[in-house]
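> Provided below for reference: sequence and predicted model.
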Amino acid sequence: MIGVLKKRVQLRGVPGEPKEAVEPVSSAYKKLLLILLMVILAFTNADRVAFSVVLQALKVDLHLSDTQLGILMGTAFFASYAMLGIPIARWADRGNRARILTIFTLLSSVLLALCGRATSFVQLLLLRVGLGAGESGCIPTSNSLISDYFARAERPRALAIYGLGWPLSSLCGFSVVGWVSQHYGWRLMFFIIALPGIVLSVLSGILIREPRAIASGIGVSQDEPQDASDPCPSLREVISTLLRSKTFVSLFKQYCTLSFVGYAVLLWTPSFLVRSYGLSPAQVGYWMALTHGLLGMVGTYVGGFLSSRYLPQRERAQFLIMMGLYAALALLLATLFAGPPIQFVVVMGALAALFGSMVNGPLIASWVTLVPPRMRAMAVAILFLGSNLVGACFGPLAIGAISDALQPHFRAESLRYTMLIFSAGYLWPAYYLWRASQTVERDLAALKVTHSESGLLA
């Protein structure tokens, strides 16, 4: 297996890297690459899981308000993530993406371990800022790598497999975090979940190879080959290209609104279950592991598989189906937060996690398909810049602030009513998916013509 993983592709076109003998990229290598990137995603995403589970413990031990908790979960993390995403993505579009993954995976793991030593809101705030910076080097870089290795028809399934890292972190993280924090405290928990990331940072540097150019000058993804000597476009060129794509603009708005609603609901759900249903951290961890973990993995894979198998290169149909899934998600979450017995909460949560995760693969695949190869890391970073600054920064904070404002009227149930209001917000990104479905075929045709004229397509 190690021999397969160490197969190298030509590095000509990556400044400062030695040239190596060309070897064909095997399907086994691509599968193992996906698995490694998926596991890296899972462990770099562990901090979000950890903070959401121990939110109530942090509130009590460090005497924090819901507004401060919202800042820690959302604003501090996602602001730094968004601001550093652009320069790091520029680096990824030009340089060695394996090296970038190594550096930022290690940085995230070290800072996560240090969270267990924090004794104040300010210390946690600074560490969350650092964690946002660390994660900003992982996701755009990985998306760019995968889009080079896999053709357009394969990408929904490939990126769905990569996206399994999110529910995998929920499956393992919520159960482990809940159990460890309940029996040994949240401080030791941060240290334990940080250790695997350090090992993964070493593996990424050893096993992942930069695929940009081989001897013929043609990239790995043969439906969109790229010249290794082709210069990386400037930031102005990237933004101009993205703005000309009405579909990309619609998807930018869709992801901003989805982040505002989605991150807020996800990160506050554990605290809601503790307050409104009296569950313990371990019980919450098991519930989140089942819904957002196990069923999230099933939904992510099924959505990517079905899109690649039955709707390959049919992005319009994919968008319309995703729109329907978000509408169903809004109804399910409204039922969940309305106050049914705990048995119905489990069922509604399971269905919501399943439907919500089915969009992951085809949605991310559409991002990288809509832009030229040398702009993909930047395109993903720009999407995360907007979604994090507009959405994730303020979504968790908005729930915390509204809950504080409603507390004099609803007391312990103020969070429930706030979450109920937010559940209807999933209709917002559904609308922008409908807008994207109206323009995607025209924009993809225009992109293909542009590539053909520039000699980038056979």
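Noted; the coordinates are in hand. Residues are numbered from 1 along each chain as shown.

> so Gln245 touches Arg442, yeah?
Actually, residue 245 is Ser. It isn't Gln. No. Under the contact definition of CB atoms under 8 Å, Ser245 does not touch Arg442, with a separation of 9.5 Å. C-beta coordinates here come from the backbone N, C-alpha and C atoms, glycine included.

> more neighbours, those two?
More neighbours sit around Ser245 than around the other of Ser245 and Arg442, counting by other CB atoms under 10 Å; the figures are 22 against 12.

> the closest residue to the more buried one other than its chain neighbours: what's it in contact with?
In space, not counting the residues next to it along the chain, Ser245 is nearest to Asp443; the distance is 4.8 Å by CB to CB, 6 or more residues apart in numbering. Contacts for Asp443 were tallied using CB atoms under 8 Å, 6 or more residues apart in numbering; they are Ser245, Lys246, Thr247, Phe248, Leu370.

> cool, Leu114 as well?
Leu114 neighbours (CB under 8 Å, 6+ apart): Leu127, Phe190.

> give me that answer again for 7 Å
Leu127 (CB atoms under 7 Å, 6 or more residues apart in numbering).

> which secondary structure element is home to it?
Taking DSSP states H and E as the definition, Leu114 sits inside helix 97-114.

> return the alpha-carbon coordinates of that helix using CSV.
In CSV, the C-alpha atoms belonging to helix 97-114 read as follows (Å, rounded to 0.1, in the frame of the first residue of the first chain):
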residue,chain,number,x,y,z
ARG,A,97,-0.3,21.7,-2.2
ALA,A,98,1.1,18.7,-0.3
ARG,A,99,3.4,21.0,1.6
ILE,A,100,0.6,23.4,2.3
LEU,A,101,-1.6,20.6,3.8
THR,A,102,1.3,19.5,6.0
ILE,A,103,1.9,22.9,7.5
PHE,A,104,-1.7,23.8,8.2
THR,A,105,-2.8,20.4,9.4
LEU,A,106,0.0,20.6,12.0
LEU,A,107,-0.8,24.1,13.0
SER,A,108,-4.5,23.3,13.6
SER,A,109,-3.6,20.3,15.7
VAL,A,110,-1.2,22.2,18.0
LEU,A,111,-3.6,25.0,18.6
LEU,A,112,-6.4,22.6,19.3
ALA,A,113,-4.4,21.0,22.0
LEU,A,114,-3.6,24.4,23.5
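
> and that helix, how far out from the chain middle?
The offset between the C-alpha centroid of helix 97-114 and the centroid of the whole chain comes to 16 Å, using CA atoms, centre = their mean, to the nearest Å.

> so Gln56 touches Leu273, yeah?
No. Shown here, Gln56 and Leu273 do not form a contact pair, counting by CB atoms under 7 Å, at 9.9 Å.

> which one's more surrounded, those two?
Neighbours of Gln56 and Leu273, each counted by other CB under 10 Å, are more numerous for Leu273; the result is 21 against 16.

> buried residues of the helix or strand hosting that one, list them for me.
Here Leu273, judged by DSSP H and E, is contained in helix 246-277. For helix 246-277, the neighbour count (16 or more other CB atoms under 10 Å) marks 247-276 as buried.

> mind checking how far it is from the chain centre?
On CA atoms, centre = their mean, the centre of helix 246-277 falls 12 Å from that of its chain.

> sketch out the low-pLDDT regions of the stretch 151-300 of the chain for me.
Per-residue confidence for the stretch 151-300 of the chain (pLDDT under 70) gives these ranges: 212-232.

> read off the pLDDT value for the residue nearest to Ser245.
At Asp443, the model reports a pLDDT of 90.

> same check on Gly16?
In this model, Gly16 is scored at 43, pLDDT.

> likewise Arg309?
Arg309 is assigned a predicted lDDT (pLDDT) of 88.

> before we move on, what about the one 4 residues further on?
As summarised for this prediction, Gln313 has a pLDDT of 83.

> so it makes contact with Arg152?
Yes. Between Gln313 and Arg152 there is a contact under CB under 7 Å: 6.0 Å.

> between the two, which one's more packed in?
It is Arg152, of Gln313 and Arg152, that has more neighbours when counted by other CB under 10 Å, with 19 against 15.

> that older thread, now the following helix or strand past the helix holding Leu273, how far from the centre of its chain.
If you walk from helix 246-277 toward the C-terminus, the next helix or strand you reach (DSSP H and E) is helix 281-288. Its chain's average C-alpha position is 22 Å from that of helix 281-288, according to CA atoms, centre = their mean.

> which outside residues touch helix 281-288?
Outside helix 281-288, the residues touching it (CB under 7 Å, 6+ apart) are 53-54, 170, 174-175, 177-179, 181-182, 270, 273-274, 346.

> need the buried ones from those selected in PyMOL.
Command for PyMOL, covering only those of the contacts of helix 281-288 found buried under the criterion 16+ other CB under 10 Å:
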select buried, resi 53+54+170+174+175+177+178+179+181+182+270+273+274
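
> make CSV from the contacts of helix 281-288 and add distance to Ser403 and secondary structure to it.
What follows is the contacts of helix 281-288, written out as CSV (distance: CB to CB, whole Å; DSSP: H, G, I helix; E, B strand; the rest coil):
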residue, distance to Ser403, secondary structure
Val53, 18, helix
Val54, 18, coil
Ser170, 23, helix
Phe174, 22, helix
Ser175, 26, helix
Val177, 23, helix
Gly178, 22, helix
Trp179, 27, helix
Ser181, 22, helix
Gln182, 24, helix
Pro270, 14, helix
Leu273, 14, helix
Val274, 13, helix
Val346, 23, helix
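
> nearest to Pro87 among the contacts of helix 281-288?
For the contacts of helix 281-288, the closest approach to Pro87 (CB to CB) belongs to Ser170, at 29.7 Å.

> correct me, but the closest one touches His292?
Yes. With contacts defined as CB under 7 Å, Ser170 counts as touching His292 at a distance of 3.9 Å.

> mind telling me what element the residue nearest to Ser245 is part of?
With elements taken from DSSP H and E, the one containing Asp443 is helix 440-454.

> again with Arg316
Using DSSP H and E, Arg316 falls in helix 315-337.

> and that helix, what's buried?
315-316, 318-319, 321-323, 325-337.

> quick check, Arg157 in contact with Phe305.
Yes. Here Arg157 reaches Phe305: they are 5.6 Å apart, a contact under CB under 7 Å.

> who has more neighbours out of these two?
Taking Arg157 and Phe305 together and counting by other CB under 10 Å, Arg157 has the greater number of neighbours (23 against 15).

> helix, strand or coil: sort out that one for me.
Here Arg157 takes the helix state, with states given by DSSP: H, G, I helix; E, B strand; the rest coil.
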